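Chemist: Provided below are the primary sequence and the corresponding predicted coordinates.
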Amino acid sequence: MSKVTNFVMFAMGAAVGSVVTWQYVKKKYEQIAQEEIDSVKAVFMKKDPDMEVTVSETPHQAEPRKVEEKPSISEYAALLKNEGYTNYSGTGKEEQTSMNDKPYVISPEEFGEYEEYEKISLTYYGDQVLADENDELVEDVEGAVGFESLTHFGEYEDDSVFVRNDRLKCDYEILLDQRTYSDVVKTRPHQMEV
């Protein structure tokens, strides 16, 4: 016989042997599993004869459970009321404002971390006037950066505060200038009114 024929005969013998062994082992362990399930059922039936035992298709997942009626929704509601539970789900009509609806102070490292947020530089003058880069007054200080954020100079840096407004998707850099706004506007070259 040739080497090829010998190899093919060996491979076929190994395949047939593997299939026979697999079938034998499968049958043996299914029998062991079934015996374990039957013994567990017997133990549970001795402890509580009203218990119903269900067996899933895989032998190792037997689930013992009591057979009883489920309470209605009104019974659940009464139980919750009697036990003193409170509904915190906020299903009422009142609106809840989150902390991110208002501007808040951030660290200098957080400034500009969101690419979709616009970066705006503002100046806070000594006479408590907030202006943009063109020295035009900021009309809605509370809506843009919040008056409270202007009290945080020196928290991270002495002369600047960084504020994030999630509602407007803006990061503000507010620089402190000890001069008064009126002095700065006077020193600027003549500007044409638009």
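Modeler: Cool, got the structure.

Chemist: in three-state terms, label residue 105 for me.
Modeler: strand (DSSP: H, G, I helix; E, B strand; the rest coil).

Chemist: surely it and residue 160 touch.
Modeler: No. Here residue 105 does not reach residue 160: they are 10.9 Å apart, not a contact under CB atoms under 8 Å. C-betas here are computed from N, CA, C, even on glycine.

Chemist: where in this structure is the helix or strand with the lowest mean pLDDT?
Modeler: Lowest mean confidence among the helices and strands of the chain (mean pLDDT, DSSP states H and E): strand 62-66, at a mean of 56.

Chemist: can I get the helix or strand following that strand in CSV? Just the C-alpha atoms.
Modeler: Later in the chain than strand 62-66, the nearest helix or strand by DSSP states H and E is helix 73-83. The C-alpha coordinates for helix 73-83 follow below in CSV (Å, rounded to 0.1, in the frame of the first residue of the first chain):
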residue,chain,number,x,y,z
ILE,A,73,-51.4,46.7,40.6
SER,A,74,-53.8,48.2,43.1
GLU,A,75,-52.4,45.9,45.8
TYR,A,76,-48.9,46.9,44.9
ALA,A,77,-49.9,50.6,45.1
ALA,A,78,-51.5,50.0,48.5
LEU,A,79,-48.4,48.2,49.8
LEU,A,80,-46.1,51.0,48.7
LYS,A,81,-48.4,53.6,50.3
ASN,A,82,-48.6,51.6,53.6
GLU,A,83,-44.8,51.2,53.7
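
Chemist: what segments of this structure are helices?
Modeler: 3-47, 73-83, 141-144, 181-187 (DSSP state H).

Chemist: now the last one: buried residues?
Modeler: I take that to be helix 181-187. 181, 184 (16 or more other CB atoms under 10 Å).

Chemist: what comes into contact with it?
Modeler: 125, 127, 129, 131, 135, 137, 177 (CB atoms under 8 Å, 6 or more residues apart in numbering).

Chemist: with neighbour count as extra columns, can I get those residues in CSV?
Modeler: Converted to CSV, the contacts of helix 181-187 look like this (neighbours: other CB atoms under 10 Å):
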residue, neighbour count
125, 20
127, 12
129, 18
131, 17
135, 14
137, 11
177, 15
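
Chemist: and the two most separated of those residues?
Modeler: 137 and 177 (14.0 Å; CB to CB).

Chemist: winner for burial among the helices of the chain?
Modeler: Among the helices of the chain, helix 141-144 has the highest mean neighbour count (mean count of other CB atoms under 10 Å), at a mean of 16.

Chemist: quick one: mean pLDDT for that helix?
Modeler: What helix 141-144 shows for mean pLDDT is 90.
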